[in-house]
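# sequence first, predicted coordinates after that:
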Amino acid sequence: MNQGLSELGVLFVAGFGPITRDSENSRTLYVETLGLPLKPYGDNKDYLSTEDGELKGCRHFALWPLMQAAQSCFDRDEWPTDLPIPQAWVEFDVENISIATERLLARGHHLLISNRQEPWGQRVTRFLSPEGLLVAVSETPWLRNS
């Protein structure tokens, strides 16, 4: 097993998707052209996602608007100009978010958010990869039963 994965305790890929700048054009491509079963998440009409199991091979696929990613990471609507704008996000569910966060810090990663409790119950740490992906390690209990 890859030492980096075992060190962080990665269990599975919890989610993946593009970070969108034009929600309508992205919706047209992914829903109308590709036919993906994406639906608004709650009252958020621009965050389109699948339910667990709807898209084989991915527990959660979603179009995440850049403004919402910026709000999640920085509590503001704009992505900081001194950081690369991510084109996609990927999230790895880990055994223990506190340990994974500590190990990321020990390896010198700059964390955008650290072990934060989201309103929907998920705990998450986010950072940018060398390729410019918005990467998260998280504890997402409801995905573990799938």
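Here it is on my side, so go on. Since the model is a prediction, treat every value here as computed from it, not as a measurement.
# C-terminal to the worst-scoring helix or strand of the chain on mean pLDDT, what's the next element?
Sorting the helices and strands of the chain by mean pLDDT, DSSP states H and E puts helix 3-8 at the bottom, at a mean of 63. The helix or strand immediately downstream of helix 3-8 is strand 10-20, counting by DSSP states H and E.
# please enumerate residues in contact with the helix or strand following that next one?
Using DSSP H and E, the helix or strand that directly follows strand 10-20 along the chain is helix 23-27. Helix 23-27 is contacted by residues Pro18, Thr20, Leu38, Asp46, Leu48, Leu63, Pro65 when judged by Cβ atoms under 8 Å, 6 or more residues apart in numbering. C-beta: built from backbone N, CA, C; applies to glycine.
# likewise stretch 113-121?
Counting by Cβ under 8 Å, 6+ apart, Ser72, Cys73, Ile97, Ser98, Thr101, Leu105, Arg123, Val124, Thr125, Arg126, Pro141, Trp142 sit against stretch 113-121.
# swap the cut-off to 7 Å and go again
Identification of contacts with stretch 113-121 by Cβ atoms under 7 Å, 6 or more residues apart in numbering yields Cys73, Ile97, Ser98, Thr101, Arg123, Val124, Thr125, Arg126, Pro141.
# many thanks, I have nothing further to ask.
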